[in-house]
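Colleague: below is the sequence, then the predicted model.
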Amino acid sequence: MLVFVLRRLYQTLIVVLGVVVLISFLLAIIPGDVARMRAPKGSSEEVLENIRKKFYLDKPFFTRLGIYLRNILKLDLGESFTYKRSVWSIIKESLPWSVKLALVAEVIIIIFGILAGVISAVSRYSFWDVLVTISTSVLVAMPIYWIGRLMQLFFAQWLGWFPNSGAPPPGTGFWGGLSYYIMPATALAAVSTAYVARLARSSMLEVMRQDYIQTARAKGLSNRRVTYKHALRNGLIPVVTYLGIDFGVLIGAAVLTEMIFNWPGVGHKLYFAVIQRDHTMVLGLVFVLVIIVVFINLLVDISYAFLDPRIRLGESPEVT
Amino acid sequence: MSDHREPEDFLPGKEPDLGMEVEEFELALEKQRVHGRTALWADVWYRLRHNKMAMVGMVIIILLVLVAIFAPLLAPQDPLYSPLYDQNATPQEKAESVKQPPSWKHWLGTDDLGRDILSRLIYGSRVSVEVGIVAVLISLVIGLFFGALAGYFGGWGDSVIMRSADIFFAFPTVLGAIAIMTVLGPGLINVFIAIGVLGWATIARIFRSSILSVKENEYVEAARAMGASNTRIIWKHIMPNAIQPIIVYATMGVGGAILAEAWLAFLGLGQQLPTPSWGNMLTQYLPFYTTDPWMMFIPGVAIVVSVLAFILLGDGLRDALDPRLKGSV
């Protein structure tokens, strides 16, 4: 167990260092005169010179790379040019919103993904199975921001069930606040729900073929008992692993959803940083989000090793 | 000649008599192998042909490619022509040309600048096809090279390559693409590079594990014993047997790249206007979702249908290549 944890920690350390190097490298190779792009039009040479000094643009490439490396290792992500604030303060303010949205999305994925997958596995080739197969394929093929706009059109504009966009304003009650979460969380959950449904279906079908299920049936247990007591528990192992790993991605990759729904999370800030060509902030935010994803993966893997001895013994070390 | 041979007998110039000329033996093997391969692919094609969904996907893909190739012949109008910038158009004509619903003159209507949406859709297919093919090719070249290196030779090269793959894996695609595009700047060529570069790690990983499972086979050992070079072993003996999961992944990857173009366009990083792409059309029509919702359905449906086509074909290929995997994700 200890060996497994240490090996996994070592791997994570390498990945984190790699991400640090990669991000510093990207910061250092940005082509063109960054100072001129950032300064207001018609600024004097002196102003440009100041900006160059501040962002180390007057230094040669490798010195610059070194400075960025050192700063990131000291967790100094620099200052956003557009917001005139440190990248950290922006993250502190917006990250909780992203995490909350991802949590609600995760609940939606668990409920609908597993339900759809189990139903279609239990009644294979039935109407429901075909419906799940088709709808999951279509969901995966849709641009996520279009899903968001369609939801706004149907559920906010036409039916008026939910607020169109934005986060709950301060002072909203629990149920009122929840209504702001439903649409963005569903849009964010859409693709993962489709994956979970497919994964649950194939995993359940795989388990139902096993000998011990036959034994359970032969003992005369009811169909329902066999499915929900025996098959479900083992069938859901890959699903739960996927859910854990996916949580990091839900926080990190919510840029499009947060933008469409005007959600004040990290992704929203990232979108504007991209539009404004605010390189420091883009790479700073990407760095933090990637590190979050990496650590969630680490936690999921370690907790799995506790729960499932097969993983710890290296029988199925790779979850793809 | 006795059965017992000293190691020296294997030195060059001292080849033992195997009872059959080496060339002759390789020729026989070659014949059998070629025959075996055609039989495999004929078998795959047979199974694929009987998979309705995969065939639907394939027909859509063929249509998509044909539309992209013959766009200038198919498009009823110049996709860039806007009456608003036409000096010969009267003010009334200009005002009426904008956001027309579908009609006989404009089958899919006109956009907010009075441009013919059908023509833009037809020309936009070129961007999608280009992104799909070029990005996946870039991933394949990098991924197969490093995957083969890691899987075949192993050792520290393997560790270095796989740890680098881990680093790329840590980036969710959206974040990776944003980071690369921010540095390279917007534009179609950079979309190719960003999507292509991000895809290599998965391909390298799949190919590596596929090689690992193939290379212990006896026929590979036989080839090595006959003195085949590493390149020859990889290309002639391992590749045909390890490539199957890659074919499936690459097919679905084309769909993924088309989708990626769409969201990069939404972030303002894709194909720049006025050249139409499905991604920038969808992005451009989104703001009219309350007043003219029909507009966003046109590029939206085009994207979904083509991405779906690649998923269906990929699914079908997976089932056809290895019927045992049928129904798995």
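Modeller: Structure's in. What do you need?

Colleague: what about whatever residue of the stretch 201-320 of chain A ends up closest to chain B, how many neighbours?
Modeller: Closest approach between the stretch 201-320 of chain A and chain B, counting by Cβ to the nearest Cβ: A:Ala253, at 4.1 Å. C-beta coordinates here come from the backbone N, C-alpha and C atoms, glycine included. When neighbours are defined as other Cβ atoms under 10 Å in any protein chain shown, A:Ala253 has 24 of them.

Colleague: let me know the pLDDT of it.
Modeller: Reading off the confidence values, A:Ala253 has pLDDT 76.

Colleague: leaving aside the residues adjacent along the chain, what's closest to the one residue in the stretch 101-250 of chain B that gets nearest to chain A?
Modeller: Taking Cβ to the nearest Cβ, chain A has its nearest neighbour within the stretch 101-250 of chain B at B:Ile167, 3.4 Å off. Closest residue in space to B:Ile167, ignoring its immediate chain neighbours: A:Gly18 at 3.4 Å, by Cβ to Cβ, 6 or more residues apart in numbering or on different chains.

Colleague: how about the nearest residue to A:His268 once chain neighbours are set aside, what does it touch?
Modeller: The shortest distance from A:His268 to any non-neighbouring residue, by Cβ to Cβ, 6+ apart, is to A:Glu258 (4.3 Å). Counting by Cβ atoms under 8 Å, 6 or more residues apart in numbering or on different chains, A:Glu258 touches A:Ser98, A:Leu101, A:Pro184, A:Pro264, A:Gly265, A:Val266, A:Gly267, A:His268, A:Tyr271.

Colleague: in which helix or strand would I find A:Glu258?
Modeller: Taking DSSP states H and E as the definition, A:Glu258 sits inside helix A:255-260.

Colleague: which SSE is immediately downstream of that helix?
Modeller: Helices and strands here follow DSSP H and E; after helix A:255-260, the next one along the chain is helix A:266-275.

Colleague: mind checking the longest helix of chain A?
Modeller: The residue-count maximum for a helix in chain A (DSSP state H) belongs to helix A:174-208.

Colleague: ok, chain B next?
Modeller: Longest helix of chain B, by residue count under DSSP H: helix B:117-148.

Colleague: returning to what we had before: from B:Ala68, how far out is the residue of the stretch 101-250 of chain B closest to chain A?
Modeller: 35 Å (Cβ to Cβ, to the nearest Å).

Colleague: just to revisit the earlier point, the residue of the stretch 201-320 of chain A closest to chain B touches B:Gly176, doesn't it?
Modeller: No - using Cβ atoms under 8 Å, A:Ala253 is not in contact with B:Gly176; the gap is 9.8 Å.

Colleague: for chain A, what are the nearby residues on the stretch 201-329 of chain B?
Modeller: B:205, B:255, B:259, B:262-263, B:266-269, B:279, B:282, B:286, B:289-290, B:293, B:296, B:300, B:303-305, B:307-308, B:311-312, B:327-329 (Cβ under 8 Å from any Cβ of the partner chain).

Colleague: so among the residues you listed, which ones count as buried?
Modeller: B:205, B:255, B:259, B:262-263, B:266-269, B:279, B:282, B:286, B:289, B:293, B:296, B:300, B:303-304, B:307-308, B:311-312, B:329 (16 or more other Cβ atoms under 10 Å in any protein chain shown).

Colleague: so how far is B:Ser306 from B:Ile62?
Modeller: Counting by Cβ to Cβ, the gap from B:Ile62 to B:Ser306 is 12 Å.

Colleague: which strand or helix spans the residue of the stretch 101-250 of chain B closest to chain A?
Modeller: Using DSSP H and E, B:Ile167 falls in helix B:155-170.

Colleague: same deal with B:Pro101?
Modeller: Using DSSP H and E, no element contains B:Pro101; it sits outside every helix and strand.

Colleague: for B:Ser103, which non-adjacent residue is closest in space?
Modeller: Closest to B:Ser103 by Cβ to Cβ, 6+ apart is B:Gly109, at 7.2 Å.

Colleague: list the contacts of that neighbour.
Modeller: Contacts of B:Gly109 (Cβ under 8 Å, 6+ apart): B:Lys99, B:Gln100, B:Pro101, B:Pro102, B:Ser103, B:Ile117, B:Trp294, B:Met295, B:Ile298.

Colleague: now the residues you listed: which count as buried?
Modeller: Buried subset of the contacts of B:Gly109 (neighbour count, 16+ other Cβ under 10 Å): B:Lys99, B:Gln100, B:Ile117, B:Met295, B:Ile298.

Colleague: count of neighbours near the closest residue to the third one other than its chain neighbours?
Modeller: What it means is B:Ile117. Leaving aside its chain neighbours, B:Ile117 sits nearest to B:Leu108 (4.2 Å; criterion: Cβ to Cβ, 6+ apart). B:Leu108 is flanked by 21 other residues according to other Cβ under 10 Å.

Colleague: over to the one 3 residues further on?
Modeller: The local packing count at B:Asp111 equals 24, with neighbours defined by other Cβ under 10 Å.

Colleague: who's in contact with it?
Modeller: Neighbouring residues of B:Asp111 by Cβ under 8 Å, 6+ apart: B:Val98, B:Lys99, B:Ile117, B:Arg120, B:Met281, B:Gln284, B:Tyr285, B:Met295.

Colleague: can you rerun that using 7 Å?
Modeller: By Cβ atoms under 7 Å, 6 or more residues apart in numbering or on different chains, B:Asp111 lies in contact with B:Lys99, B:Ile117, B:Gln284, B:Tyr285, B:Met295.

Colleague: quick check: the farthest pair among these?
Modeller: B:Lys99 and B:Gln284 (11.6 Å; Cβ to Cβ).

Colleague: please save the CA atoms from stretch A:209-223 in CSV.
Modeller: Extracted C-alpha coordinates of stretch A:209-223, given in CSV (Å, rounded to 0.1, in the frame of the first residue of the first chain):
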residue,chain,number,x,y,z
ARG,A,209,-22.2,-12.5,-18.0
GLN,A,210,-20.1,-13.6,-15.0
ASP,A,211,-20.4,-17.0,-13.4
TYR,A,212,-21.5,-15.8,-10.0
ILE,A,213,-24.5,-14.1,-11.5
GLN,A,214,-25.5,-17.4,-13.1
THR,A,215,-25.0,-19.0,-9.7
ALA,A,216,-27.2,-16.4,-8.1
ARG,A,217,-29.9,-17.1,-10.7
ALA,A,218,-29.5,-20.8,-10.3
LYS,A,219,-30.1,-20.4,-6.5
GLY,A,220,-33.5,-19.1,-7.5
LEU,A,221,-33.0,-15.5,-6.5
SER,A,222,-35.4,-13.0,-8.1
ASN,A,223,-34.3,-11.1,-11.1
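
Colleague: can you list the buried residues in that stretch?
Modeller: By 16+ other Cβ under 10 Å, the buried positions in stretch A:209-223 come out as A:Ile213, A:Ala216.

Colleague: how about the strands in the stretch 151-300 of chain B?
Modeller: Using DSSP state E, counting those that start in this stretch, no strands are found in the stretch 151-300 of chain B.
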